[in-house]
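Engineer: Pasted the sequence and its predicted model underneath.
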Amino acid sequence: MFENLSKAPGDKILALMGEYAADQRSTKIDLGVGVYKDEKGVTPVMTSVRKAEEKILSNEKTKTYLGIAGNKGFGTSVLDLVLAGSVDLSRVRIAQAPGGTGSLWVLMQLINRARPGATVYVSDPTWANHNPIAINSGLKVATYPYFDTETRGVKFAEMLATLDKLGAGDVVLLHGCCHNPTGANLSNDQWDQVAASLLRTGALPFVDLAYLGFGDGIEADAYGTRKILSTVPEALVAFSGSKNFGLYRERVGAAILIARDEKEADITNSQLLNIIRGAYSQPPITVPRSSAPSSRTRLCALSGKKNWRSCVTA
Ligand SMILES: Cc1ncc(COP(=O)(O)O)c(C=O)c1O
């Protein structure tokens, strides 16, 4: 079965993480994966997260399946956070998904169902995982000019000129804020121009929103996304809660779709749910299993019992 396979290239960033962990030098500096770290170099469990986990564990009443679209309350909250009323919700659907990456994956699959082999235009450069996700979903990838290595800013005139030449059926992947890997972002006025261009050409905006709040705060960072979504008839958003919630390993994310009207939203959503069902069936509830004993120990301590097992079975 496997004799014809050749070795796949490793992921450079994740490989660097492993090399960093193995390096014994005390002077080492981690320039690998961009996760939040405190002054001791630890990516902490936030106090609010710990409290929420304890609350969830103590109140959890069932282990039954969540459903294909995941946790409904989570979906409503993400829509509040991302859209803040900028789009009529009758045209919007959301599905909880495993991280921003899982959201990108299911939405790329959706694009390929709607327009098999469509071209996704990504910024030059873009996050290294965009291309493989698009290609593995059956799509083509092309670039639009983005980073100016001289000015360290955005080549906006060239970017806009390229976007202006696209048409209906093309997809434009935009970093909602905190562009990865360059850190060069559009001004509000430039977002306005991009939104107008997308409206003119009919190309589909696909916003990757992985760092909401990490740039200039939630409202300022959401400007571009909300501007685009409130301007065009159709759009997609892959939301990641990994960074802004400090929940990297729980895989917190959501796939959002905006259709022209309620009827198309329902039909498109049925395809999205069908894709999810045929992939991982449903998203996980994001309570970390690995930390369950320690959380339970704490819950036990609160209830005055010594052993967390006797506590949870009580
Ligand atoms: C631009 C961009 N999109 C999406 C993601 C995916 O995040 P997640 O860990 O939620 O899958 C990342 C993570 O580094 C990212 O930088």
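Structural biologist: Yep, it's here. Numbering: from 1, shown residues only.
Engineer: Close to the ligand: what parts of this protein are there?
Structural biologist: For the chain, the contact set with the ligand under Cβ under 6 Å from any ligand atom comprises 99-101, 127, 175, 180, 208, 210, 240, 242, 253. Glycine gets a C-beta too; all of them are placed from N, C-alpha and C.
Engineer: need the strands for the stretch 101-250 of the chain, in chain order.
Structural biologist: In the stretch 101-250 of the chain, the strands defined using DSSP state E, counting those that start in this stretch lie at 119-124, 140-145, 147-148, 153-154, 171-175, 204-209, 235-240.
Engineer: So for residue 80, which of those sits nearest?
Structural biologist: Shortest distance between residue 80 and the strands of the stretch 101-250 of the chain, using Cβ to Cβ, is found for strand 235-240: 11.8 Å.
Engineer: Note down every partner strand of the helix or strand following the closest one and its orientation.
Structural biologist: Using DSSP states H and E, the next helix or strand after strand 235-240 towards the C-terminus is strand 252-258. Strand pairing for strand 252-258, using DSSP bridges, gives strand 92-98 (antiparallel), strand 235-240 (antiparallel).
Engineer: Dump strand 252-258 to PDB, restricted to CA.
Structural biologist: Taking only C-alpha atoms (Å, rounded to 0.1, in the frame of the first residue of the first chain), the coordinates of strand 252-258 have been written out as PDB:
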ATOM      1  CA  VAL A 252     -11.300  27.100  18.900                       C
ATOM      2  CA  GLY A 253     -12.600  28.500  15.600                       C
ATOM      3  CA  ALA A 254     -15.600  29.200  13.500                       C
ATOM      4  CA  ALA A 255     -16.500  29.200   9.800                       C
ATOM      5  CA  ILE A 256     -18.800  32.000   8.900                       C
ATOM      6  CA  LEU A 257     -20.700  32.400   5.600                       C
ATOM      7  CA  ILE A 258     -22.600  35.400   4.300                       C
END
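Engineer: which residues are contacting that strand?
Structural biologist: By Cβ atoms under 8 Å, 6 or more residues apart in numbering, the residues outside strand 252-258 that reach it are 70, 74-75, 78-79, 82, 87, 91-103, 106-107, 110, 229, 234-242, 245, 265, 268-269, 272, 286.
Engineer: Stretch 103-110 too?
Structural biologist: Around stretch 103-110, the neighbours that count as contacts under Cβ under 8 Å, 6+ apart are 95, 97, 120, 129-130, 133-134, 136-137, 139, 206, 208, 236, 238-240, 253-255, 257, 268, 271-272, 275-276, 279.
Engineer: And that stretch, how far out from the chain middle?
Structural biologist: Distance, stretch centre to chain centre, for stretch 103-110: 11 Å (Cα atoms, centre = their mean, to the nearest Å).
Engineer: With stretch 22-33 instead?
Structural biologist: Stretch 22-33 sits 27 Å away from the centroid of its parent chain (Cα atoms, centre = their mean).
Engineer: can you check stretch 41-56 too?
Structural biologist: Distance, stretch centre to chain centre, for stretch 41-56: 20 Å (Cα atoms, centre = their mean).
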